[in-house]
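**Student:** Provided below for reference: sequence and predicted model.
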Amino acid sequence: MGTAHCGSTLLTLILGSHPQSFAVGELSNLSGFFKSGRPVCSICKETCEFWNHQVTADELQLLIQGLSNQRINPYIPLKLDRYIRFIGGRDQIFRPYSIIFSKLDKTLLIDSTKTVEWISSELELMEFKTGEIESYLLHLVRDGRAVMSSYLRRNSTMTVAEFSNLWLTRIKRERALYERFPTARKLRTRYEEIVTQPQETLRLLCQWLGLDYSPEMLNYWQYDHHMVSGNTGTRSLIWKYRGDDWQGGQVKKRYYSEEAGFNISLDQRWQRELSSVQIEDFRRLTDPYYQDFEWSAT
(Lines give C-alpha, C1' and ligand atoms only; values in the text may rest on other atoms or scores of the structure.)
Protein backbone atom coordinates (compact mmCIF):
# COMPACT_ATOMS: atom_id res chain seq x y z
CA MET A 1 0.00 0.00 0.00
CA GLY A 2 1.25 3.49 -0.78
CA THR A 3 0.96 6.49 -3.04
CA ALA A 4 1.99 6.33 -6.67
CA HIS A 5 5.75 6.84 -7.22
CA CYS A 6 6.61 5.58 -3.73
CA GLY A 7 9.14 2.99 -4.90
CA SER A 8 6.78 0.02 -4.87
CA THR A 9 8.11 -1.55 -8.09
CA LEU A 10 11.63 -1.62 -6.64
CA LEU A 11 10.48 -3.23 -3.40
CA THR A 12 8.22 -5.68 -5.25
CA LEU A 13 11.05 -6.87 -7.49
CA ILE A 14 13.44 -7.20 -4.55
CA LEU A 15 10.97 -9.25 -2.50
CA GLY A 16 10.01 -11.21 -5.62
CA SER A 17 13.64 -12.26 -6.00
CA HIS A 18 13.49 -14.32 -2.80
CA PRO A 19 13.38 -18.07 -3.56
CA GLN A 20 10.14 -18.48 -1.60
CA SER A 21 8.22 -15.57 -3.11
CA PHE A 22 6.62 -14.53 -6.40
CA ALA A 23 5.85 -10.95 -7.42
CA VAL A 24 2.56 -10.76 -9.31
CA GLY A 25 2.78 -6.99 -9.62
CA GLU A 26 -0.32 -4.80 -9.77
CA LEU A 27 -3.11 -7.35 -10.14
CA SER A 28 -5.62 -4.52 -10.30
CA ASN A 29 -4.38 -3.95 -13.88
CA LEU A 30 -4.69 -7.57 -14.99
CA SER A 31 -8.23 -7.28 -16.34
CA GLY A 32 -7.56 -4.04 -18.21
CA PHE A 33 -4.39 -5.36 -19.80
CA PHE A 34 -6.09 -8.56 -20.93
CA LYS A 35 -9.20 -6.89 -22.34
CA SER A 36 -7.17 -4.31 -24.25
CA GLY A 37 -4.94 -6.97 -25.79
CA ARG A 38 -1.82 -5.80 -23.97
CA PRO A 39 0.62 -8.47 -22.74
CA VAL A 40 -0.25 -9.36 -19.16
CA CYS A 41 3.40 -9.68 -18.18
CA SER A 42 5.29 -6.40 -18.14
CA ILE A 43 8.69 -8.10 -18.11
CA CYS A 44 8.64 -10.80 -20.78
CA LYS A 45 8.86 -10.13 -24.47
CA GLU A 46 6.12 -11.74 -26.56
CA THR A 47 4.67 -14.72 -24.63
CA CYS A 48 5.19 -15.17 -20.90
CA GLU A 49 6.23 -18.48 -19.38
CA PHE A 50 3.93 -17.92 -16.41
CA TRP A 51 0.89 -15.94 -17.58
CA ASN A 52 0.65 -17.57 -21.02
CA HIS A 53 1.75 -21.13 -20.22
CA GLN A 54 1.54 -22.08 -16.54
CA VAL A 55 -1.78 -20.25 -16.20
CA THR A 56 -4.32 -21.64 -18.67
CA ALA A 57 -6.70 -19.45 -20.64
CA ASP A 58 -9.64 -20.67 -18.51
CA GLU A 59 -7.75 -19.96 -15.30
CA LEU A 60 -6.85 -16.50 -16.52
CA GLN A 61 -10.55 -15.83 -17.14
CA LEU A 62 -11.33 -17.00 -13.59
CA LEU A 63 -8.65 -14.70 -12.23
CA ILE A 64 -10.04 -11.73 -14.11
CA GLN A 65 -13.60 -12.48 -12.99
CA GLY A 66 -12.58 -12.91 -9.36
CA LEU A 67 -10.31 -9.90 -9.22
CA SER A 68 -12.91 -7.68 -10.88
CA ASN A 69 -15.66 -8.86 -8.51
CA GLN A 70 -17.87 -10.38 -11.21
CA ARG A 71 -21.17 -11.65 -9.78
CA ILE A 72 -23.70 -14.36 -10.56
CA ASN A 73 -26.40 -11.72 -10.69
CA PRO A 74 -25.65 -7.99 -10.96
CA TYR A 75 -28.63 -7.25 -8.72
CA ILE A 76 -27.31 -9.33 -5.82
CA PRO A 77 -24.97 -7.49 -3.39
CA LEU A 78 -21.38 -8.66 -3.79
CA LYS A 79 -21.04 -9.94 -0.21
CA LEU A 80 -24.23 -12.02 -0.57
CA ASP A 81 -23.06 -13.30 -3.96
CA ARG A 82 -19.77 -14.43 -2.44
CA TYR A 83 -21.59 -16.17 0.42
CA ILE A 84 -23.98 -17.98 -1.93
CA ARG A 85 -21.05 -19.23 -3.98
CA PHE A 86 -19.20 -20.29 -0.82
CA ILE A 87 -22.01 -22.40 0.66
CA GLY A 88 -22.76 -23.84 -2.77
CA GLY A 89 -19.16 -24.87 -3.35
CA ARG A 90 -18.93 -22.63 -6.42
CA ASP A 91 -16.58 -19.98 -5.09
CA GLN A 92 -13.49 -20.74 -7.18
CA ILE A 93 -14.07 -17.46 -8.98
CA PHE A 94 -13.44 -15.65 -5.68
CA ARG A 95 -10.17 -17.48 -4.96
CA PRO A 96 -7.84 -15.82 -7.49
CA TYR A 97 -4.80 -15.86 -5.23
CA SER A 98 -5.31 -19.57 -4.56
CA ILE A 99 -5.28 -20.18 -8.32
CA ILE A 100 -1.93 -18.39 -8.59
CA PHE A 101 -0.49 -20.24 -5.58
CA SER A 102 -1.52 -23.56 -7.16
CA LYS A 103 0.83 -22.81 -10.06
CA LEU A 104 3.84 -22.11 -7.89
CA ASP A 105 6.05 -23.75 -5.30
CA LYS A 106 6.11 -20.54 -3.26
CA THR A 107 4.93 -19.42 0.17
CA LEU A 108 4.52 -15.70 -0.56
CA LEU A 109 2.78 -13.68 -3.27
CA ILE A 110 3.43 -9.95 -3.58
CA ASP A 111 0.56 -7.90 -5.00
CA SER A 112 1.94 -4.39 -5.45
CA THR A 113 -1.41 -2.69 -6.09
CA LYS A 114 -1.25 0.34 -3.84
CA THR A 115 -4.78 1.76 -3.61
CA VAL A 116 -6.84 1.37 -0.45
CA GLU A 117 -10.01 0.65 -2.43
CA TRP A 118 -8.46 -2.35 -4.20
CA ILE A 119 -6.81 -3.74 -1.07
CA SER A 120 -10.01 -3.43 0.96
CA SER A 121 -12.02 -5.17 -1.76
CA GLU A 122 -9.55 -8.05 -2.12
CA LEU A 123 -9.46 -8.64 1.63
CA GLU A 124 -13.16 -9.51 1.39
CA LEU A 125 -12.35 -12.52 -0.81
CA MET A 126 -13.36 -15.79 0.80
CA GLU A 127 -9.81 -17.19 0.68
CA PHE A 128 -8.77 -14.43 3.08
CA LYS A 129 -11.96 -14.46 5.17
CA THR A 130 -11.63 -18.20 5.87
CA GLY A 131 -7.93 -17.98 6.65
CA GLU A 132 -6.98 -20.17 3.71
CA ILE A 133 -4.51 -17.45 2.78
CA GLU A 134 -3.05 -15.04 5.34
CA SER A 135 -2.79 -11.40 4.34
CA TYR A 136 0.02 -9.02 5.26
CA LEU A 137 -0.12 -5.26 4.77
CA LEU A 138 3.12 -3.49 3.91
CA HIS A 139 2.76 0.29 3.93
CA LEU A 140 5.50 1.85 1.83
CA VAL A 141 5.98 5.58 2.39
CA ARG A 142 8.20 8.17 0.74
CA ASP A 143 8.99 11.84 1.24
CA GLY A 144 6.03 13.78 -0.16
CA ARG A 145 8.35 16.18 -1.96
CA ALA A 146 9.87 13.31 -3.95
CA VAL A 147 6.42 11.98 -4.79
CA MET A 148 5.28 15.43 -5.92
CA SER A 149 8.36 15.82 -8.10
CA SER A 150 7.57 12.52 -9.84
CA TYR A 151 3.95 13.54 -10.42
CA LEU A 152 4.87 16.95 -11.84
CA ARG A 153 7.59 15.44 -14.02
CA ARG A 154 4.99 13.19 -15.67
CA ASN A 155 2.18 15.74 -15.76
CA SER A 156 3.37 19.26 -16.51
CA THR A 157 -0.15 20.69 -16.19
CA MET A 158 -0.66 19.50 -12.61
CA THR A 159 -0.45 22.23 -9.97
CA VAL A 160 1.02 21.94 -6.48
CA ALA A 161 -2.47 22.47 -5.07
CA GLU A 162 -3.91 19.64 -7.16
CA PHE A 163 -1.15 17.28 -6.14
CA SER A 164 -1.41 18.26 -2.48
CA ASN A 165 -5.13 17.50 -2.44
CA LEU A 166 -4.57 14.13 -4.13
CA TRP A 167 -1.70 13.24 -1.80
CA LEU A 168 -3.62 14.19 1.34
CA THR A 169 -6.65 12.16 0.29
CA ARG A 170 -4.54 9.07 -0.33
CA ILE A 171 -2.44 9.19 2.81
CA LYS A 172 -5.53 9.70 4.99
CA ARG A 173 -7.17 6.63 3.45
CA GLU A 174 -3.96 4.66 3.84
CA ARG A 175 -3.64 5.65 7.47
CA ALA A 176 -7.23 4.60 8.21
CA LEU A 177 -6.73 1.14 6.67
CA TYR A 178 -3.38 0.67 8.37
CA GLU A 179 -4.79 1.54 11.78
CA ARG A 180 -7.55 -1.06 11.58
CA PHE A 181 -5.36 -3.85 10.19
CA PRO A 182 -4.15 -6.56 12.66
CA THR A 183 -0.95 -5.38 14.34
CA ALA A 184 1.10 -8.55 13.82
CA ARG A 185 0.43 -8.55 10.08
CA LYS A 186 1.21 -4.95 9.22
CA LEU A 187 4.44 -3.05 8.83
CA ARG A 188 5.42 0.39 7.63
CA THR A 189 8.73 1.00 5.88
CA ARG A 190 10.32 3.82 3.92
CA TYR A 191 11.61 3.90 0.37
CA GLU A 192 14.57 5.94 1.61
CA GLU A 193 15.51 3.26 4.16
CA ILE A 194 15.32 0.51 1.55
CA VAL A 195 17.85 2.23 -0.70
CA THR A 196 20.18 3.67 1.97
CA GLN A 197 20.06 0.76 4.44
CA PRO A 198 19.09 -2.16 2.20
CA GLN A 199 20.59 -5.00 4.22
CA GLU A 200 19.09 -3.92 7.54
CA THR A 201 15.70 -3.04 6.05
CA LEU A 202 15.39 -6.27 4.06
CA ARG A 203 16.39 -8.37 7.06
CA LEU A 204 13.55 -6.80 9.02
CA LEU A 205 11.06 -7.32 6.20
CA CYS A 206 12.07 -10.95 5.72
CA GLN A 207 11.80 -11.63 9.44
CA TRP A 208 8.31 -10.10 9.50
CA LEU A 209 7.26 -12.22 6.51
CA GLY A 210 8.71 -15.41 7.94
CA LEU A 211 11.45 -15.66 5.32
CA ASP A 212 15.15 -16.34 5.71
CA TYR A 213 17.06 -13.29 4.60
CA SER A 214 18.76 -13.72 1.24
CA PRO A 215 21.19 -10.88 0.38
CA GLU A 216 21.15 -11.88 -3.29
CA MET A 217 17.56 -10.66 -3.60
CA LEU A 218 18.86 -7.08 -3.77
CA ASN A 219 20.19 -7.88 -7.25
CA TYR A 220 16.64 -8.23 -8.55
CA TRP A 221 17.65 -7.76 -12.19
CA GLN A 222 19.37 -11.17 -12.14
CA TYR A 223 16.13 -13.10 -11.55
CA ASP A 224 13.09 -14.11 -13.57
CA HIS A 225 10.01 -12.00 -12.92
CA HIS A 226 6.51 -12.06 -14.37
CA MET A 227 4.83 -9.05 -12.83
CA VAL A 228 1.85 -7.06 -14.08
CA SER A 229 2.61 -3.36 -14.61
CA GLY A 230 5.17 -1.39 -12.58
CA ASN A 231 7.67 1.43 -13.06
CA THR A 232 9.35 1.13 -16.46
CA GLY A 233 12.69 2.54 -15.36
CA THR A 234 13.01 0.03 -12.52
CA ARG A 235 12.05 -2.85 -14.82
CA SER A 236 14.51 -1.67 -17.46
CA LEU A 237 17.49 -2.99 -15.48
CA ILE A 238 16.16 -6.52 -15.99
CA TRP A 239 16.14 -6.08 -19.77
CA LYS A 240 19.55 -4.42 -19.66
CA TYR A 241 21.02 -7.28 -17.62
CA ARG A 242 19.59 -9.81 -20.08
CA GLY A 243 21.03 -7.89 -23.01
CA ASP A 244 17.57 -7.00 -24.32
CA ASP A 245 17.57 -3.55 -25.87
CA TRP A 246 14.03 -2.79 -24.76
CA GLN A 247 10.65 -4.40 -24.26
CA GLY A 248 8.87 -4.97 -27.56
CA GLY A 249 6.78 -2.07 -28.80
CA GLN A 250 8.16 0.48 -26.34
CA VAL A 251 9.98 3.67 -27.20
CA LYS A 252 13.48 3.75 -25.74
CA LYS A 253 13.92 6.41 -23.09
CA ARG A 254 16.63 7.23 -20.61
CA TYR A 255 15.60 6.38 -17.07
CA TYR A 256 17.08 7.22 -13.68
CA SER A 257 17.52 3.52 -12.85
CA GLU A 258 19.70 3.05 -15.92
CA GLU A 259 21.79 6.09 -15.05
CA ALA A 260 22.40 4.64 -11.59
CA GLY A 261 23.59 1.35 -13.09
CA PHE A 262 23.31 -2.10 -11.54
CA ASN A 263 22.84 -0.97 -7.97
CA ILE A 264 20.12 0.49 -5.79
CA SER A 265 20.52 4.21 -5.19
CA LEU A 266 18.51 7.00 -3.62
CA ASP A 267 16.51 9.12 -6.06
CA GLN A 268 16.58 12.69 -4.76
CA ARG A 269 15.82 14.50 -8.00
CA TRP A 270 13.17 16.56 -6.22
CA GLN A 271 15.97 18.65 -4.68
CA ARG A 272 16.87 20.10 -8.08
CA GLU A 273 13.46 19.88 -9.75
CA LEU A 274 11.27 21.64 -7.19
CA SER A 275 11.49 25.34 -6.41
CA SER A 276 11.49 26.64 -2.84
CA VAL A 277 8.05 28.15 -3.54
CA GLN A 278 6.63 24.78 -4.62
CA ILE A 279 8.03 23.10 -1.51
CA GLU A 280 6.65 25.76 0.82
CA ASP A 281 3.24 25.64 -0.89
CA PHE A 282 3.16 21.86 -0.49
CA ARG A 283 4.04 22.11 3.20
CA ARG A 284 1.42 24.78 3.79
CA LEU A 285 -1.32 22.82 2.00
CA THR A 286 -0.53 19.49 3.68
CA ASP A 287 0.40 20.68 7.17
CA PRO A 288 0.84 18.84 9.52
CA TYR A 289 0.77 15.56 7.57
CA TYR A 290 3.83 16.26 5.43
CA GLN A 291 6.04 16.21 8.55
CA ASP A 292 5.56 12.47 9.03
CA PHE A 293 6.95 11.76 5.56
CA GLU A 294 9.88 14.14 5.16
CA TRP A 295 13.27 12.46 5.15
CA SER A 296 16.78 13.80 5.44
CA ALA A 297 20.05 11.95 4.94
CA THR A 298 21.57 13.77 7.90
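**Tutor:** Received, thanks.

**Student:** from here on, just use CA atoms for contacts and neighbour counts.
**Tutor:** Will do.

**Student:** what ranges does the stretch 51-200 of the chain have for its helices?
**Tutor:** All helices of the stretch 51-200 of the chain, identified by DSSP state H, counting those that start in this stretch, fall at 57-67, 78-87, 96-102, 116-122, 126-129, 144-154, 160-180, 191-196, 198-209.

**Student:** other SSEs contacting the longest one?
**Tutor:** Translated: helix 160-180. helix 116-122, helix 144-154, helix 276-286 (3 or more Cα pairs under 8 Å, 6 or more residues apart in numbering; DSSP states H and E).

**Student:** that one versus helix 144-154: what angle between them?
**Tutor:** Calculated by axes from the mean of the first three to the mean of the last three Cα atoms, to 10 degrees, helix 160-180 forms an angle of 130 degrees with helix 144-154.

**Student:** which residues touch E49?
**Tutor:** Applying Cα atoms under 8 Å, 6 or more residues apart in numbering, one finds that E49 lies in contact with no residue.

**Student:** how close does it get to T56?
**Tutor:** 11 Å (Cα to Cα, to the nearest Å).

**Student:** so, low pLDDT: which residues of the chain?
**Tutor:** Scanning the chain for pLDDT under 70 picks out 68-94, 245-260, 298.

**Student:** can you count the residues close to E174?
**Tutor:** By other Cα atoms under 10 Å, 19 other residues sit near E174.

**Student:** once you drop chain neighbours, what's closest to H226?
**Tutor:** C41 (5.5 Å; Cα to Cα, 6 or more residues apart in numbering).

**Student:** relative to H18, how far out is that neighbour?
**Tutor:** 19 Å.

**Student:** so the residue nearest to H226 lies in a strand, does it not?
**Tutor:** No - if the criterion is DSSP: H, G, I helix; E, B strand; the rest coil, then C41 is coil and not within a strand.

**Student:** pretty sure it sits against V228.
**Tutor:** Yes - counting by Cα atoms under 8 Å, C41 touches V228, with 5.1 Å between them.

**Student:** how close does F293 get to I238?
**Tutor:** 30 Å.

**Student:** between the two, which one's more packed in?
**Tutor:** The neighbour comparison of F293 against I238 (other Cα under 10 Å) goes to I238, with 23 against 12.

**Student:** can you pull the buried residues of the helix or strand harbouring the more buried one?
**Tutor:** According to DSSP states H and E, I238 maps onto helix 232-242. By neighbour count on 16 or more other Cα atoms under 10 Å, the buried set for helix 232-242 is 232-239.

**Student:** in a markdown table, list these along with distance to R190.
**Tutor:** Shown next, in a markdown table, are these (distance: Cα to Cα, whole Å):
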| residue | distance to R190 |
| --- | --- |
| T232 | 21 |
| G233 | 19 |
| T234 | 17 |
| R235 | 20 |
| S236 | 22 |
| L237 | 22 |
| I238 | 23 |
| W239 | 26 |
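
**Student:** many thanks, have a good one.
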